[in-house]
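J.: Turn this into a model:
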Amino acid sequence: MAKPIIKIENLSASYRKNTVLHDVNFDVMSGSLTGIVGPNGAGKSTLLKTMLNLHPALAGSVSFFGLPFAKAKKRIGYVPQRGSVDWDFPTDALDVVTMGLYGQIGWLRRPGRLHKEKAYEALEKMGMADYADRQISQLSGGQQQRVFLARALVQHADIYFMDEPLAGVDATTERAIMTILKELKSIGKTVMVVHHDLQTVEDYFDHVLFLNQTVIKHGKTGHIFTKENIAKTYGGNMHWKGEVNQGVVHSFE
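T.: Below is the predicted model of the structure:
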């Protein structure tokens with residue numbers, strides 16, 4: 001029987017003595033594309049940061065491939081929220097993507113021609129090759145997000161975590177990002193995405209994790225993406241429109 005490649009047990013975390021995550025438990029299998037959904041303040045971003053040792057845990061354990069993060073981090077890629085990045089930093093798109101290879105290069109060594117070629121190929125995959133020499137501060141929000149996704153792709157990780165990669169991007173960029181994420185899943189990569197748009201969950205993700213400080217429900221989207229579970233997660237404050245067939249919600253307002 002296959003073992004989960006991500007295992008979270010009794011995970012808790014807080015900000016300024018306010019509990020943000022409490023007793024979080026779930027497993028993730030290889031080759032899945034999971035949407036993490038929940039209301040504002042549910043702890044979605046904190047969950048990713050705590051799993052990746054970017055925020056301290058109060059209790060619990062996190063393992064990847066049966067190992068702690070420190071021993072598995074070379075196999076993990078992360079795309080933070082765009083708003084958390086200093087886009088005024090004086091560097092171009094190609095250099096930003098090349099930074100994704102520093103785990104292989106070493107921070108004290110300069111990237112070589114092969115590294116630059118890999119970075120360029122990742123930009124090309126995201127439709128950003130023509131902007132390789134452009135300062136990141138001169139790019140649009142959607143273009144910046146594509147560059148950051150290229151930086152994650154160049155790592156050739158086995159697990160990818162993405163914190164709202166579709167927030168504030170245009171429709172073309174959204175389609176391009178989801179095409180890449182589905183391609184990653186198709187070749188056996190595991191992807192977890194903090195997502196805010198309930199209307200697209202069924203189309204985008206084969207698994208969904210409902211979170212509101214703790215896990216409300218986690219499983220295959222076709223089984224658990226129901227009006228009942230959404231109401232439990234969002235506190236029953238949803239306003240519905242459209243039809244609900246076989247318990248599955250098809251539109252929201």
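
J.: Now tell me what touches the host helix or strand of Ser45 from outside.
T.: With secondary structure defined by DSSP states H and E, Ser45 is part of helix 44-51. Identification of contacts with helix 44-51 by C-beta atoms under 8 Å, 6 or more residues apart in numbering yields 6, 8, 11, 13, 15, 20-21, 24, 36-38, 54-57, 62, 69, 78, 81, 161, 163-164, 192, 194, 211. Heads up, the C-betas are built off the backbone N, CA and C, glycines and all.

J.: rerun at 7 Å
T.: 8, 11, 13, 20-21, 24, 36, 38, 55, 57, 62, 81, 161, 163, 194, 211 (C-beta atoms under 7 Å, 6 or more residues apart in numbering).

J.: what's the answer for stretch 72-90, then?
T.: Under C-beta under 7 Å, 6+ apart, the answer for stretch 72-90 is 45, 52, 64-65, 103, 135-137, 141, 144-145, 148-149, 152, 155, 157-165, 168.

J.: coming back round to it: got the CA positions of the helix or strand that the helix holding Ser45 is followed by in PDB?
T.: Going down the chain from helix 44-51, the next helix or strand is strand 59-64, by DSSP H and E. C-alpha atoms of strand 59-64 as PDB (Å, rounded to 0.1, in the frame of the first residue of the first chain):
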ATOM      1  CA  ALA A  59       3.000  21.500  18.600                       C
ATOM      2  CA  GLY A  60       2.700  18.600  16.200                       C
ATOM      3  CA  SER A  61       4.900  17.200  13.500                       C
ATOM      4  CA  VAL A  62       5.400  17.600   9.700                       C
ATOM      5  CA  SER A  63       7.100  15.100   7.500                       C
ATOM      6  CA  PHE A  64       7.900  14.800   3.800                       C
END
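
J.: before we move on, the earlier item: would you write a PyMOL line that selects the buried entries of the contacts of stretch 72-90?
T.: Here is the PyMOL command that picks out the buried ones among the contacts of stretch 72-90, judged by 16 or more other C-beta atoms under 10 Å:
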select buried, resi 45+52+64+65+136+144+145+148+149+152+155+157+158+159+160+161+162+163+164+165
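
J.: Take the contacts of helix 44-51 and keep only those in strands.
T.: Mapping the contacts of helix 44-51 onto strands (DSSP state E) picks out Ile8, Leu11, Ala13, Val20, Leu21, Val24, Ile36, Val62, Phe161, Asp163, Val194, Leu211.

J.: Could you export those residues as JSON lines, including distance to Lys232?
T.: Below are the ones in strands among the contacts of helix 44-51 laid out as JSON lines (distance: C-beta to C-beta, whole Å):
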{"residue": "Ile8", "distance to Lys232": "20"}
{"residue": "Leu11", "distance to Lys232": "20"}
{"residue": "Ala13", "distance to Lys232": "21"}
{"residue": "Val20", "distance to Lys232": "19"}
{"residue": "Leu21", "distance to Lys232": "17"}
{"residue": "Val24", "distance to Lys232": "16"}
{"residue": "Ile36", "distance to Lys232": "15"}
{"residue": "Val62", "distance to Lys232": "25"}
{"residue": "Phe161", "distance to Lys232": "24"}
{"residue": "Asp163", "distance to Lys232": "23"}
{"residue": "Val194", "distance to Lys232": "19"}
{"residue": "Leu211", "distance to Lys232": "11"}
